[in-house]
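In: What follows is a predicted protein model with its sequence.
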Amino acid sequence: MAKANNSTRRSSRALAFQVLYGLNFSPASDIEELRDAYCASPDVSDRGGEAHPVGFAWELIEGTWTNQKELDEVITRFAQNWRVERIGKIELTILRLAVYEMLYRADVPPKVAINEGIELSKQFGDQKSRSFINGILDAAAKALEAGTLTCKY
């Protein structure tokens, strides 16, 4: 049973990544536009769409989008000599999603957030991005453990 849940969560993360990545090119200015972007994604629209988005993918999308400024501040803190504007869109989207899970999701241990970020980079990024993503997420996890970065849940 846990295997199916992990698989479902992984596919939800991939969907969340795709919607959030698309927002880099066609930003949502409010929650309605965010819902529209989610409902227009092929994985959702192929099932007939959803009037009121629910589920893990939507929670990740809404939470990451809502807290983007704070997530970018955390990423900047651990991305040595990298401004957020210089980070590739794929890597930045993965980092935002994983940092969101670390800070805001009590049901996702930091090690899982790191692993899932790496898995997303394998699926959507290139070989070089994995170590970059891993380094930032690992530093954030260590800061959480040390108490110099605070969870929001």
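Out: Yep, that arrived. Only a predicted model underlies this, so the values are computations on that prediction, with no experimental measurement involved.

In: who's in contact with the helix or strand bottoming out on mean pLDDT in the chain?
Out: Every helix and strand of the chain was ranked by mean pLDDT, DSSP states H and E. The lowest is helix 42-45, at a mean of 73. Residues outside helix 42-45 that contact it (Cβ atoms under 8 Å, 6 or more residues apart in numbering): 15, 18, 38, 39, 50, 53. Quick note: C-beta positions are derived from backbone N, CA and C, even for glycine.

In: try it again with 10 Å
Out: 11-12, 14-15, 18-19, 37-39, 50, 53, 55, 57-58 (Cβ atoms under 10 Å, 6 or more residues apart in numbering).

In: can I get the CA coordinates of it in CSV?
Out: Extracted C-alpha coordinates of helix 42-45, given in CSV (Å, rounded to 0.1, in the frame of the first residue of the first chain):
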residue,chain,number,x,y,z
PRO,A,42,-2.9,17.7,-19.6
ASP,A,43,-3.0,15.3,-16.6
VAL,A,44,-6.0,17.1,-15.2
SER,A,45,-7.8,18.2,-18.3
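
In: Helix or strand next in line after that helix, which one?
Out: helix 56-66 (DSSP states H and E).

In: ok, and for that following helix, which residues are buried?
Out: 56, 57, 58, 59, 60, 61, 62, 63, 64, 65 (16 or more other Cβ atoms under 10 Å).

In: and the contacts of helix 42-45, which are buried?
Out: 12, 14, 15, 18, 19, 37, 38, 39, 53, 57, 58.

In: helix, strand or coil for the first one?
Out: Look at residue 12: counting by DSSP: H, G, I helix; E, B strand; the rest coil, its state is helix.

In: Numbering from 121 from now on, please.
Out: In the new count, where the first residue is 121, that last one comes out as residue 132.

In: And the buried residues of helix 176-186, which is closest to residue 215?
Out: residue 184 (10.1 Å; Cβ to Cβ).
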